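Sequence plus predicted model, see below.
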Amino acid sequence: MNNRRVLVTGGAGYIGSHTVVELIGAGYEVVIVDNFSNSDASSLEGIAKITGVTPTFIEADCCDKAALREVFERYDFSSVIHFAAYKAVGESVAMPTKYYHNNLLSFINVVELMKEYHRPNIVFSSSATVYGDAEELPVTERTPRKPATSPYGNTKQMAEDMLRDIVTVDDELYGIALRYFNPIGAHPSALIGELPRGIPNNLVPYITQTAAGVRECLSIFGDDYPTPDGSCLRDYIDIVDLARAHVVAIERMVAGKCEEHYEIFNIGTGSPVSVFELVKGFEAANNLTLNYKVAARRPGDVTAVWADTTRANEVLGWRAERKLDDTLRAAWAWECHVRNR
Ligand code: UD1
């Protein structure tokens, strides 16, 4: 079995493409499966330009088990990183079936094929959304999860539970769930980054599009939260740091270092940053002023969530390294690249 080759589902997407770059940099061969449902071929070109390597790419939907089976038949790999999923919270509330179908069926197909083809390792993209409105901050991996407030969040919880149940009764299989906090930024080369379709839901793409004049004005959703400046607190993690966490997780698995068949790690910086701080930081890092206003709270937002990263630091051996102003410069450089191409 080839321990140096990794199947990356959703590898053309935002987190996937940055992870592919880091995997290649660490000497792995990568096979990408993506259906371009929320990405396009430009990320593959970016990966090739950055690394000098064109990864194997198969355009397929992970819900199509026959197509996915062909990938398992054809390529030998010991590990899978499963990114392929829908991720828009609001859309998931409006179209729950779409989310349950895509996110859960693709996950089940991947795991069933891993079992059938004796491929032992999977890293699953989970989210800090599983903590909901936590009673204690920062959250550790032992902090109880809260009932999901959206079908999207529920698919993350359900897939975590399925993964735990499946790998704990199987001698062969190992699963690591990485709970991402708020991934932001772009590769320093500005050749890959986030490509939101339509109006961005997330803060940083909205900021960069406002700075670029694509959006007129950023709305800050609430300045009356019980936080020092009244805006929400989040843990913004640089996308390259986040991508590196996947490489470290894969190394842990292929080296046989997992202590349990199912492991969870928080992937964040450990530092809370408010929406106002992020906006001011973006302005200062890029030497520009942003058009923004305070608006009503966004339904479903939690006041504050940030990571206790002790376990990721000490057990996984990973920590966030990039400085927030460098991340915000990279986010702006990427937006400029997108607008100029
Ligand atoms: C959101 C999702 C989360 C998902 C993650 C994926 C919700 C409630 N949560 O996290 O489940 O895993 O994206 O990336 O949607 N903000 C503004 N103005 C904007 C946009 C955002 O003020 O135009 C504020 C929000 O109120 C929040 C912060 O910025 O306080 C971060 O928002 P966002 O980037 O959407 O991330 P989350 O809501 O934390």
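Thanks, I have the structure now.

Does Arg164 touch Leu173 like I think?
No - with contact defined as CB atoms under 8 Å, Arg164 does not reach Leu173; the gap is 11.0 Å. C-betas here are computed from N, CA, C, even on glycine.

neighbour-wise, which of the two wins?
Here Arg164 and Leu173 are set side by side on neighbour count (other CB atoms under 10 Å), and the busier one is Leu173, at 20 against 17.

Would you confirm that the more buried one contacts Met162?
No - using CB under 8 Å, Leu173 and Met162 do not qualify as a contacting pair, with a distance of 11.8 Å.

Find residues that contact each of the two.
A shared contact of Leu173 and Met162, defined by CB atoms under 8 Å, 6 or more residues apart in numbering, is any residue touching both; here these are Val111.

And the strands in this structure?
For the chain, the strands defined by DSSP state E cover 5-9, 29-34, 56-59, 79-82, 121-127, 174-180, 182-184, 218-221, 233-234, 236-238, 262-267, 273-274, 292-295.

neighbouring strands for the fifth one, and are they parallel or not?
Strand 121-127 has these partner strands in its sheet, going by DSSP bridges: strand 79-82 (parallel), strand 174-180 (parallel).

Of these, give the one that comes closest to the ligand.
Across the strands paired with strand 121-127, the minimum distance to the ligand, taken as CB to the nearest ligand atom, is reached by strand 174-180, at 7.1 Å.

tell me the mean pLDDT over the closest one?
Mean pLDDT, taken over the full extent of strand 174-180, equals 98.

what do you get for stretch 56-75?
On average, stretch 56-75 scores 98.

Also stretch 326-336?
Rounded to a whole number, the mean pLDDT of stretch 326-336 is 98.

With stretch 101-121 instead?
Stretch 101-121 comes out at a mean pLDDT of 98.

just to revisit the earlier point, need the strands of the chain in a markdown table with distance to Trp334 and mean neighbour count, can you?
Supplementary listing: these in a markdown table, determined by distance: least, CB to CB, whole Å; neighbours: other CB atoms under 10 Å:
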| stretch | distance to Trp334 | mean neighbour count |
| --- | --- | --- |
| strand 5-9 | 20 | 26 |
| strand 29-34 | 19 | 24 |
| strand 56-59 | 22 | 16 |
| strand 79-82 | 22 | 26 |
| strand 121-127 | 21 | 25 |
| strand 174-180 | 19 | 24 |
| strand 182-184 | 11 | 23 |
| strand 218-221 | 17 | 18 |
| strand 233-234 | 20 | 22 |
| strand 236-238 | 12 | 25 |
| strand 262-267 | 21 | 24 |
| strand 273-274 | 19 | 20 |
| strand 292-295 | 20 | 13 |
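
Can I get these in CSV including distance to Thr208?
Conversion of the strands of the chain to CSV gives the following (distance: least, CB to CB, whole Å):
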stretch, distance to Thr208
strand 5-9, 25
strand 29-34, 23
strand 56-59, 27
strand 79-82, 26
strand 121-127, 22
strand 174-180, 19
strand 182-184, 10
strand 218-221, 10
strand 233-234, 17
strand 236-238, 13
strand 262-267, 22
strand 273-274, 16
strand 292-295, 13
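
mind putting these in TSV, distance to the ligand included?
Supplementary listing: those in TSV, determined by distance: least, CB to the nearest ligand atom, whole Å:
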stretch	distance to the ligand
strand 5-9	17
strand 29-34	18
strand 56-59	24
strand 79-82	16
strand 121-127	4
strand 174-180	7
strand 182-184	5
strand 218-221	4
strand 233-234	5
strand 236-238	8
strand 262-267	12
strand 273-274	8
strand 292-295	8
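
out of those, which comes closest to Pro205?
strand 182-184 (8.7 Å; CB to CB).

Tell me the residues on the protein that lie near the ligand, please.
Proximity of the chain to the ligand, by CB under 6 Å from any ligand atom, involves residues 87, 89, 127, 129, 153, 182, 201-203, 206, 218-221, 232, 234, 275, 298, 300-301.

Mind doing that once more with 5 Å?
By CB under 5 Å from any ligand atom, the residues of the chain that approach the ligand are 89, 127, 129, 202-203, 206, 220-221, 232, 234, 275, 298, 300-301.

Tell me the buried residues within the residues you listed.
The neighbour-count test (16 or more other CB atoms under 10 Å) marks 89, 127, 129, 202-203, 206, 220-221, 232, 234, 275, 301 as buried among those.
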